[in-house]
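Colleague: structure, please.
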Amino acid sequence: MSPGSCGSLWLFGGPLMTSPLKRRQVLGLGLASLGTALVGPFLSDRVQRSAARAQPAVAARLVSRGGVADLELVAQATRGTLPGGPTELLTYNGRSPGPLLEVKAGDRVRLRLRNGLNQPTNLHFHGLHIPPSGTADNVFLTVKPGDSFTYDFTLAKDHPAGLFYVHPHQHGLSADQVFGGLGGALVVRGDLDRIPEVAAANETVLVLKDYASASDQNEVSLGMGRMLGREGPLLTVNGELNPGLSIASGGLLRLRLLNASNARIYRLALEGHRLVRIATDGGAIGTPEPLEELLLAPGERADVLVQGNQAPGSYRLLNLPYQRSSHMGMAAAEADPRTLATLSYSGAVTPLPLPTTLLPVPALPEPERTRQFVLAHAMGMGGMKHAMGAMGGGGMAMGMGFQINGQSFEPDRINTRVRLDSTEDWLIVNDDVMDHPFHLHINPFQVISRAGRPESQRRWKDTVLVKAGEDVRIRVTFRDFPGLTVYHCHNLDHEDLGLMGVLQIDGKAG
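Modeller: Residues are numbered from 1 along each chain as shown. Purely as a prediction, here's the structure:
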């Protein structure tokens, strides 16, 4: 389905901005002018305003049976129960985050989405290698309020095991719906789970998500609003404030981490313990990587092992301060670490070893061509439909937005055309004063270098953080599925403000 064939698909069309801004120009702009340009109404003005009733208890985990996953997600506004949080949340099946979905490689997935919101929505199966069209990962379709749609696709038998992410991708509303509470984790079982040392570990999926507080009345207080990407002051794990985790002395704990926040970048550390990374976005890596801290941008995932090798007691999983803009006046890092969860020792077992090797990550073929994608701020007069729409259409005639290679997102324009089975290098250049996590749909990639420095080992990724002023080279082979899809910044406010492009994958001739 082409974007042009869906009249109700996109809230906003037409050019967003006309003049790209270099990093030095953005640094020179006054902070007040940048913030004011993009401040819009608070989220609650956009979500369903009808009375929300508490939903009956539903399964926190939905699992495939006999090679088929028959699942249903109901998107709706629900009364908020998070202490100090918003009075209303957007939920799947009454939960935020939504229920954990668990399938196996080779499964057929039939997932019915029922839209109980008062605005259109859809689903993106973030990280899955499935078709970008029809009833699979088709972000160009719309499910209208009151309607339902059944996503129906089959995972390849050799689909990598890993942690993936299901969330809305309705352009113009993606950030509002994710920041409002929509999204959840999806686990694909496979080879990684059968490695003996990994299988012996106790496993916990941790969905990291921040929320607005009940006292937040405007978007400027939420990470300077849409310009920087909204951050909420309430940091949760699986929808809870500071939940407890447990490990036995001598044991292994497998933490499966998903950053499901709209814009927040997490800098994670566990008191007294190393985080031993065994998997990234696209699945297992070749060799475990002991880390003192782990940076996780929106949309990124990581599996880490924790050894129970410290004195019995309690240890905090911390989010350390992180500066996400090179302009010190824009987004000051929080002054102190924040506690996300607390790990406590309970019992003892015979010490379990860490794995020494995992699964090989083969090198991709040499690229047939190299492309460059420059991410930047932009400024224009009167054409800023996204920002002006968020402001109610009044006030300023000039707004701030974002561009890739000098163009803001237009649904009817193909920005990049590639050939099925070809391999390319993409150089992602961040000519901006704030970090941008770059996400590619459908096909995983490998990071080749960062600022010209080669990576220490190959890893499968679908989202990579490109820091302000930095360039990152990625390599991707466009396998299996022709069709139309997108690439974009996974700070979802930035995506909705134009930092996205349309990718056409052409099938082989004949």
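
Colleague: list the buried ones in stretch 301-309?
Modeller: Buried residues in stretch 301-309, counted by 16 or more other C-beta atoms under 10 Å: 301, 302, 303, 304, 305, 306, 307, 308. (Glycine included, C-beta is placed from N, CA and C.)

Colleague: dump those residues to CSV, plus pLDDT, distance to residue 485 and secondary structure.
Modeller: Formatted as CSV, the entries for the buried residues of stretch 301-309 read as follows, by pLDDT from 0 to 100; distance: C-beta to C-beta, whole Å; DSSP: H, G, I helix; E, B strand; the rest coil:
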residue, pLDDT, distance to residue 485, secondary structure
301, 98, 19, strand
302, 98, 24, strand
303, 98, 26, strand
304, 98, 30, strand
305, 98, 33, strand
306, 98, 36, strand
307, 98, 40, strand
308, 98, 42, coil
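
Colleague: closest to residue 136 among those?
Modeller: Relative to residue 136, the closest of the buried residues of stretch 301-309 is residue 301; by C-beta to C-beta it sits at 20.1 Å.

Colleague: give me the distance between that closest one and residue 230.
Modeller: Remark: distance between residue 301 and residue 230 (C-beta to C-beta, to the nearest Å) = 21 Å.

Colleague: so where is the stretch 301-450 of the chain shaky, pLDDT-wise?
Modeller: Scanning the stretch 301-450 of the chain for pLDDT under 70 picks out the ranges 326-333, 380-399.

Colleague: break down it into its helices, ranges please.
Modeller: Assignment of helices within the stretch 301-450 of the chain using DSSP state H, counting those that start in this stretch yields the ranges 385-390.

Colleague: same thing with the chain?
Modeller: Ranges of helices in the chain, per DSSP state H, are 23-28, 31-38, 174-180, 196-199, 225-228, 385-390, 492-496.

Colleague: least reliable of those helices by average pLDDT, please.
Modeller: If you rank the helices of the chain by mean pLDDT, helix 31-38 sits at the bottom with a mean of 36.

Colleague: surely residue 129 meets residue 477?
Modeller: No. Residue 129 sits out of contact with residue 477 when judged by C-beta atoms under 8 Å, with a separation of 11.0 Å.

Colleague: the more surrounded of those two?
Modeller: The neighbour comparison of residue 129 against residue 477 (other C-beta atoms under 10 Å) goes to residue 129, with 23 against 19.

Colleague: so who does the more buried one touch?
Modeller: 156, 159, 160, 442, 443, 444, 479, 480, 481 (C-beta atoms under 8 Å, 6 or more residues apart in numbering).

Colleague: count of neighbours near residue 136?
Modeller: 18.

Colleague: any idea of the pLDDT on the most centrally placed residue in the chain?
Modeller: Nearest to the geometric centre of the chain sits residue 299, at 2.0 Å (C-alpha atoms, centre = their mean). What the model reports as pLDDT for residue 299 is 98.

Colleague: so it sits against residue 490, correct?
Modeller: Yes. Using C-beta under 8 Å, residue 299 is in contact with residue 490, at 3.9 Å.

Colleague: need the overlap of contacts for the two.
Modeller: 437, 439, 463.

Colleague: count of neighbours near the second one?
Modeller: Summarising burial for residue 439: neighbours were counted as other C-beta under 10 Å, giving 27.

Colleague: repeat for the last one
Modeller: Neighbours of residue 463 under the rule other C-beta under 10 Å: 24.

Colleague: how about it, what does it touch?
Modeller: 281, 297, 298, 299, 300, 437, 438, 439, 440, 490.

Colleague: what residues are up against residue 249?
Modeller: Counting by C-beta under 8 Å, 6+ apart, residue 249 touches 308, 309, 312, 345, 347, 348, 349.

Colleague: confidence score at it?
Modeller: On the pLDDT scale, residue 249 gets 98.

Colleague: bridged to it, which residues?
Modeller: For residue 249, the beta-bridge partners are residue 348 (DSSP bridges).

Colleague: for residue 91, same thing?
Modeller: Here residue 91 sits in beta bridges with residue 76, going by DSSP bridges.

Colleague: now for it: which residues touch it?
Modeller: Going by C-beta under 8 Å, 6+ apart, residue 91 touches 55, 75, 76, 77, 78, 98, 181, 182.

Colleague: give me the buried subset of the contacts of residue 249.
Modeller: Going by neighbour count (16+ other C-beta under 10 Å), the contacts of residue 249 have 308, 345 buried.

Colleague: ok, the contacts of residue 249 vs residue 504, which is closest?
Modeller: Using C-beta to C-beta, these come closest to residue 504 at residue 308, 49.9 Å.

Colleague: may I ask you to confirm that that closest one is in contact with residue 245?
Modeller: No. Counting by C-beta under 8 Å, residue 308 stays clear of residue 245, with 11.2 Å between them.

Colleague: what is in contact with these two at once?
Modeller: Shared contacts of residue 308 and residue 245, defined by C-beta under 8 Å, 6+ apart, comprise residue 253.
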